[in-house]
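1. Got a sequence here, can you build the structure:
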Amino acid sequence: MKEYCKRKGVIPSWKTYFITAMGAMAQGLFCTLLVGTILNTIGQQFHIPFLTETFVSIKAGETVIGYTLGGLVSLMVGAGISVAIGVSLKAPPLVLFSLIPIGFAANALGGAGGPLAVYIVAIIACEGGKLVSKTTKIDILVTPIITILLGIGLAYLIAEPIGMAASAVGDAVKWATEQQPFLMGILVSVIIGIALTLPISSAAICAALGLTGLAGGAAVAGCCAQMVGFAVMSFKENRWGGLVAQGIGTSMLQMPNIVKNPRIWIPPTIASAITGPIATCLFKLEMNGDAVASGMGTCGFVGQIGVYTGWVKDVADGAKEAIVAMDWIGLVLICVVLPAILSFVFCEILRKLGWIRKDDLKLDL
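-> Residues are numbered from 1 along each chain as shown. The predicted model follows:
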């Protein structure tokens, strides 16, 4: 059986399921939910009819629901996640295409915690589909039928409980942050920031838990501290290319250097422990956009776009009177200025102590 699984490309490992597949999940989220939200925001802010008018209407029973272009893109989040995971697991074509309805169903049944349900169901369905792929002469029928029945059957059984559990954890974190903004500001900022630099997906974690509100703001602070922090403190070694690659790309590029000298991780982590509670206690920075943006930091400025779309939504809903100067000041300080200054200062202290040496932060760009 082990040899059969290996021949079919089903090789379970922590790296495959918790790094590769979770990274793909974040890409699927970005290309659907996040892009759809951005398109809606652009349409609303610049009054573009093509992006604000109903693009397609879908009948559900007696109800007809209209979707803008962005709304339709966001609706495909489950399918986007499942296909992205399928690609990362090297699914054969018939298995990959079968994951489209599976992902859509799992996300719909999972409710607020849908992304986590899709993640789990898509992995199991994909691996199950790979095991039966090309085993019969009627593969074009057998593979998609088995894969879809397995995936949607599993979604029917476990998507709702998984979604409820993920939503409950996320709600608990958000509640705790509201009750103890200082302590939770530190914890959320540091933990999500570390997850962003590790070879796992902080964006997928935030999306799975539905991390928004003050907790989402702390997560944004932590991610920005890591990205901007590493970009600035390694400027001597990596110059402008490194600044851009890490500042609006990913701090994950520093993982090989962190393995060699873990002390280089201290400055941005301390910075995140400082900016997190400042975000929650002083500026009341909230992420009321899509939860996936909470774990993106300054990557393509998605975190900042997410905060802004949340402001726009709050104004439209009447929860916020207007976007004021203090909002922008807080966003810039938390996401760029403070992480840059704090990380640089702490890095220079560690350089003087000999904990960080020349070229410890050098990237192979």
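2. Would you map the helices across the stretch 251-365 of the chain?
-> 255-260, 266-277, 302-317, 325-332, 338-353 (DSSP state H, counting those that start in this stretch).
3. hmm, I was thinking of the stretch 1-150 of the chain
-> 2-7, 14-15, 21-29, 35-46, 49-52, 69-75, 77-88, 93-110, 114-132, 139-154.
4. Show the pLDDT at the spatially closest residue to residue 220 that is not a sequence neighbour.
-> Nearest non-adjacent residue to residue 220, counting by Cβ to Cβ, 6 or more residues apart in numbering: residue 303, 4.6 Å away. For the C-beta atoms, the positions are set from N, CA and C on the backbone; glycine is no exception. On pLDDT, residue 303 comes in at 93.
5. Residue nearest the middle of the protein, spatially speaking?
-> residue 203 (1.6 Å; Cα atoms, centre = their mean).
6. Would you agree that residue is in contact with residue 30?
-> Yes: Residue 203 is in contact with residue 30 according to Cβ atoms under 8 Å; the separation is 7.3 Å.
7. OK, contacts around residue 293?
-> If a contact means Cβ atoms under 8 Å, 6 or more residues apart in numbering, then residue 293 has 34, 203, 206, 216, 220, 287, 302-303, 305-307, 309 as its contacts.
8. Among the residues you listed, name the buried ones.
-> A residue is treated as buried here by neighbour count (16 or more other Cβ atoms under 10 Å); on that basis the buried members of the contacts of residue 293 are 34, 203, 206, 216, 220, 287, 302-303, 305-307, 309.
9. picking up where we left off before, so which of the helices of the stretch 251-365 of the chain is the most packed in?
-> Counting by mean count of other Cβ atoms under 10 Å, helix 266-277 has the highest mean neighbour count of those, with a mean of 25.
10. so that helix versus helix 338-353, what angle?
-> Using axes from the mean of the first three to the mean of the last three Cα atoms, to 10 degrees, one finds that helix 266-277 and helix 338-353 are set 150 degrees apart in direction.
11. so how far is helix 266-277 from its chain's centroid?
-> Taking the mean of its C-alpha atoms, helix 266-277 sits 20 Å from the chain's own mean (Cα atoms, centre = their mean, to the nearest Å).
12. what's next to that helix, contact-wise?
-> Residues outside helix 266-277 that contact it (Cβ under 8 Å, 6+ apart): 181-183, 185-190, 193-194, 197, 218, 221-222, 224-226, 229-230, 233, 251, 334, 338-339, 342-347, 350, 355.
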